[in-house]
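Asks: Kindly generate the corresponding structure for this input.
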Amino acid sequence: MDTLVQLIGSYRERDKLIRLCQYVARFLAGTAQTGMGVRLSTVAQEFGKCRTVLRLFDDIPMLAYTLHYGLGKKESNGWMRFLTLVGNCANQLYFPLEHVSWCAQNKIIDRPHTKWAIACIAAWAVSLFSEILKAVSRIYMIRNAQRRLLKEQQLVAKNESDSTEMTASIKNQIRALKAQEMDNYLAVVENSADFTNAINWLPAGYFWSGKFPSRFCGGMGIISSAIKLYRIHSAKSKVS
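Replies: Next up is the predicted model:
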């Protein structure tokens, strides 16, 4: 009960829970018979509309994060800095594009809805791809750090004069790095599942766009949403 209360007690967790429900309904709609499938599709669409309306207020938090990061001068790794800047630009574009798409779809403004929706999905795909590359790069760096620590541990083990405290410290560092590595593996799976959907929803002619049925997209969304919830809960547990 306490975990459920935490999940629905704040915007970030609630959004991910609604997202999971949205994709579960989408998956079931793709596997159900016609009548039930239509009803479940309506449920999925309403959950999606709910999340879209809530995102109307996400511009300022995203802008604050982008301005805080700036040009990434504090980032020591040039490659990670580049990927973060690309992701920040894509995320910053995503929200106004989605707002215009939402206004056009609901006849608030007289604009074609489709092209804005496509631009929105494209920005999302760029952001996801940058996150995948960042996670893969972190895994590579973490593995290198683990190898250095293992060599250091071997040297300490050979030198009997060194205290066991140093060995314990190295083991704790390796344990922490393994946890970070696993988190980044989850990030790769999470963002890859969303990236698969993003490309599938682009117009025909872009890689695998339009190739996958609704139930497949629902399954990908369930995977990414479940991982998002797990990572948020895991991060909170570590803090507490």
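
Asks: which residues in the protein form helices?
Replies: For the chain, helices defined by DSSP state H occupy the ranges 2-8, 11-31, 34-54, 59-69, 78-105, 113-158, 164-200, 214-239.

Asks: Looking at those, which is nearest to residue 207?
Replies: helix 164-200 (5.1 Å; CB to CB). Placement of C-beta: from N, CA and C, glycine included.

Asks: And the residue nearest in space to the middle of the chain, how far from residue 129?
Replies: The residue lying closest to the centre of the chain (CA atoms, centre = their mean) is residue 191, at 5.1 Å. Per CB to CB, to the nearest Å, residue 191 is found 8 Å from residue 129.

Asks: What of residue 211?
Replies: From residue 211 to residue 129 the distance is 18 Å (CB to CB).

Asks: quick one, which of these two is more surrounded?
Replies: residue 129 (19 against 11; other CB atoms under 10 Å).

Asks: Find the residue closest to that one in space, skipping its chain neighbours.
Replies: Leaving aside its chain neighbours, residue 129 sits nearest to residue 195 (6.1 Å; criterion: CB to CB, 6 or more residues apart in numbering).

Asks: Could you double-check that that neighbour lies in contact with residue 128?
Replies: Yes - here residue 195 lies in contact with residue 128, judged by CB atoms under 8 Å, at a distance of 4.3 Å.

Asks: now residue 206, nearest residue through space, not along the chain?
Replies: Residue 206's closest residue in space is residue 199 (CB to CB, 6+ apart), at 6.1 Å.

Asks: Relative to residue 230, how far out is the one you found?
Replies: 24 Å.

Asks: same question, residue 64
Replies: 26 Å.

Asks: Number of residues surrounding residue 137?
Replies: 15.

Asks: Quick check: it touching residue 84?
Replies: No - counting by CB under 8 Å, residue 137 does not reach residue 84; the two are 10.7 Å apart.

Asks: circling back: now tabulate the helices of the chain in CSV and tack on distance to residue 207 and mean pLDDT.
Replies: Listed next are those as CSV, based on distance: least, CB to CB, whole Å; pLDDT from 0 to 100:
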stretch, distance to residue 207, mean pLDDT
helix 2-8, 34, 62
helix 11-31, 21, 92
helix 34-54, 23, 93
helix 59-69, 27, 91
helix 78-105, 17, 95
helix 113-158, 10, 92
helix 164-200, 5, 92
helix 214-239, 15, 89
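
Asks: Determine which of these approaches residue 206 most closely.
Replies: helix 164-200 (6.1 Å).

Asks: follow-up on the earlier one: how about a markdown table for the helices of the chain, with distance to residue 206 added?
Replies: Shown next, in a markdown table, are the helices of the chain (distance: least, CB to CB, whole Å):
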| stretch | distance to residue 206 |
| --- | --- |
| helix 2-8 | 35 |
| helix 11-31 | 21 |
| helix 34-54 | 22 |
| helix 59-69 | 25 |
| helix 78-105 | 16 |
| helix 113-158 | 9 |
| helix 164-200 | 6 |
| helix 214-239 | 15 |
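
Asks: per-residue confidence for residue 109?
Replies: Looking at residue 109, its pLDDT is 93.

Asks: Skipping its backbone neighbours, what lies nearest it in space?
Replies: residue 103 is the one closest to residue 109 (CB to CB, 6+ apart), at 4.6 Å.

Asks: my guess is that neighbour meets residue 111, correct?
Replies: Yes - Residue 103 is within contact range of residue 111, at 7.4 Å (criterion: CB under 8 Å).

Asks: OK, contacts around residue 63?
Replies: Counting by CB atoms under 8 Å, 6 or more residues apart in numbering, residue 63 touches residue 92.

Asks: Distance of it relative to residue 94?
Replies: From residue 63 to residue 94 the distance is 12 Å (CB to CB).
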